[in-house]
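Trainee: no sequence for this one, just the structure:
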């Protein structure tokens, strides 16, 4: 069996994990100091969000040097200690690979923008103004694409009189993967990290590296939706025509002949059929992909309107992915990461009465699917969204840019936009890890870069490690079950009760063993009405109160096992 199918990955957002020197910013030494927490949890792989040198315009996803460590976090010697400490505890370490774009302060881009005839000019997407338009004026951008972070996706450079593409911040220019020199420079860097001992990569928006290029070298305009200032250009850069070619070349150049590695492709907008191709082992692309369908299920056509979770829609999405990758390929399983709000506040109930139960239920449903589960820092504690007041409390460049565009260009009211940012903003995931009930939450002795959630007095790792009924110890049990019950990893998946708006139920079957998993996604009791499980072994029950006749209490989760 491929090792990562039985594994659980833990994502660390370094600036928010643990601060060892009191400057308010998490660092590598802080991670080293808490490796035992991660080992006790039982995870197998640590995924580090970017720790490279960076101006920190997008919290490190704007990289100015791919082969060093950001001084805020430490240095290469400290990284080597972290790597050794993780390996000594039988945990692998994967790096965040951000190569759709670099920082505008990377030497490659500095040279690229220095002159139109510079050899590195074609390392990025430079294009002239739209024909017949004055360069630098509104509407003269080469395409009508909008940036993910608000505003146009093109920035005018007065020195050379052309525009460069940035699908994200203007300080994150897109690399031109059509240029083989760019690809070889990236592969050289990747081999350098693997030679140092890292165990693979999570690849940031990797399905954006291939753009749709016309015969004249131009890029196509996108679809302009009513009420939006800029167009959706995703058809021009999501899953482009050479994506499979590039990923297969990367595998040949970087990963072939190396054992024990993990490659994960983050792919917004990827379809099930595309994911099958990307993760089919015989095609040599990536081991698994991150898809976004299930974390977009509560978003309607208007991004500034909150849509409540419809459980049947969530089940349809996750069930489709389970079925689609059953024969070939592999699923990644996640509720949380640095780009998503806290799931207990989103799909659960973060009130004092139900937070613990709903956090355990959500973890149970996710971890019992077929695929590799990902735990985002604090998820194992049931951490919640932060009680943001006004826009001045946000730090995320995406939230600030989208707020500005929505209010200033699209006529939204500030409260309309804030309501969504409070519920869905990325800063919810980025508040510091809650280690104990001290003033800094055990994260820092200084002033944290982002405030610690006030509920750290009740929700923290120290208290939960001492409480055998805590969310932390429940996650330990889920991870242990994956390692001891083969049906969790390799069993067939069958969705049950697809039309039930309260209960999420499915079976996993392998050989003579069958598991029944049921989670109540509501604050009221609900009856499953599933026959044939009388006398089955109750493996897990998050409320420690076995349901009679499969009638589940609010936010209850159960796992049964029987021989068939």
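Mentor: Structure received. Just so it is clear, the structure is predicted and the values come from calculations on it, not from any experiment.

Trainee: Which strands or helices does the longest helix seen in the chain pack on?
Mentor: Assignment by DSSP state H gives helix 180-196 as the longest helix of the chain. Helices and strands touching helix 180-196, by 3 or more Cβ pairs under 8 Å, 6 or more residues apart in numbering; DSSP states H and E, are helix 243-250. C-betas here are computed from N, CA, C, even on glycine.

Trainee: May I have the secondary structure class of the closest residue to residue 496 other than its chain neighbours?
Mentor: Nearest residue to residue 496, sequence neighbours excluded (Cβ to Cβ, 6 or more residues apart in numbering): residue 505, at 4.1 Å. With DSSP: H, G, I helix; E, B strand; the rest coil as the basis, residue 505 sits in strand.

Trainee: What of residue 373?
Mentor: Residue 373 is classified as strand under three-state DSSP.

Trainee: Please tell me how far it sits from residue 334.
Mentor: Applying Cβ to Cβ, to the nearest Å, the value for residue 373 to residue 334 is 7 Å.

Trainee: Could you tell me which residues touch both of the two?
Mentor: Here residue 373 and residue 334 have residue 366 as joint contacts, going by Cβ atoms under 8 Å, 6 or more residues apart in numbering.

Trainee: Show me what the residue nearest to residue 496 is bridged to.
Mentor: Here residue 505 sits in beta bridges with residue 496, residue 518, going by DSSP bridges.

Trainee: quick one: it and residue 527 touch, right?
Mentor: No - if you go by Cβ atoms under 8 Å, residue 505 and residue 527 don't touch, sitting 11.3 Å apart.

Trainee: The two: which has the busier surroundings?
Mentor: residue 505 (23 against 14; other Cβ atoms under 10 Å).

Trainee: Contact partners for that one?
Mentor: Applying Cβ under 8 Å, 6+ apart, the residues near residue 505 are 495, 496, 497, 516, 517, 518, 519, 528, 530.

Trainee: Let's check: the centremost residue of this protein is which one?
Mentor: Centroid-nearest residue in the chain, with Cα atoms, centre = their mean: residue 337, separated by 4.2 Å.

Trainee: which ones are touching that residue?
Mentor: Counted by Cβ under 8 Å, 6+ apart, residue 337 has contacts 11, 290, 374, 376, 429.

Trainee: okay but the first one is in contact with residue 375, surely?
Mentor: By that I understand residue 11. Yes - using Cβ under 8 Å, residue 11 is in contact with residue 375, at 7.1 Å.

Trainee: Looking at the two now, which is surrounded by more residues?
Mentor: residue 375 (27 against 24).

Trainee: Could you find the closest non-adjacent residue to the more buried one?
Mentor: residue 10 (4.9 Å).

Trainee: give me the number of residues near the one you found?
Mentor: 22.

Trainee: cool, and residue 108?
Mentor: Count around residue 108 with other Cβ under 10 Å applied: 19.

Trainee: can you tell me how far residue 507 sits from residue 561?
Mentor: Taken as Cβ to Cβ, the span from residue 507 to residue 561 is 10 Å.

Trainee: Show me whatever sits in contact with both of those two.
Mentor: Counting by Cβ under 8 Å, 6+ apart, the residues touching both residue 507 and residue 561 are 514, 515, 516.

Trainee: which stretches of the stretch 401-550 of the chain form strands?
Mentor: Counting by DSSP state E, counting those that start in this stretch, one finds strands in the stretch 401-550 of the chain at the ranges 492-496, 503-510, 513-520, 526-527, 537-541.

Trainee: for those strands, which one ends up most surrounded?
Mentor: Among these, strand 513-520 has the highest mean neighbour count (mean count of other Cβ atoms under 10 Å), at a mean of 24.

Trainee: State the mean pLDDT of it.
Mentor: Across strand 513-520, pLDDT averages out at 98.

Trainee: now do stretch 360-367
Mentor: The predicted model assigns stretch 360-367 a mean pLDDT of 98.

Trainee: same check, this time on stretch 273-293
Mentor: pLDDT averaged over stretch 273-293 gives 97.

Trainee: residues in contact with that stretch?
Mentor: Under the criterion Cβ under 8 Å, 6+ apart, residues 2, 4, 202-203, 206, 239, 244, 247-248, 251-252, 255-256, 262-270, 317, 320-321, 324-325, 328-332, 334, 337, 371-372 lie in contact with stretch 273-293.

Trainee: if we go to 7 Å?
Mentor: Outside stretch 273-293, the residues that touch it by Cβ atoms under 7 Å, 6 or more residues apart in numbering are 4, 239, 244, 247-248, 251, 262-270, 317, 321, 324-325, 328-332, 372.

Trainee: among those, which are in helices?
Mentor: Short answer: the contacts of stretch 273-293 in helices (DSSP H) are 244, 247, 248, 317, 321, 324.

Trainee: tell me the pLDDT at the second one?
Mentor: As summarised for this prediction, residue 247 has a pLDDT of 98.
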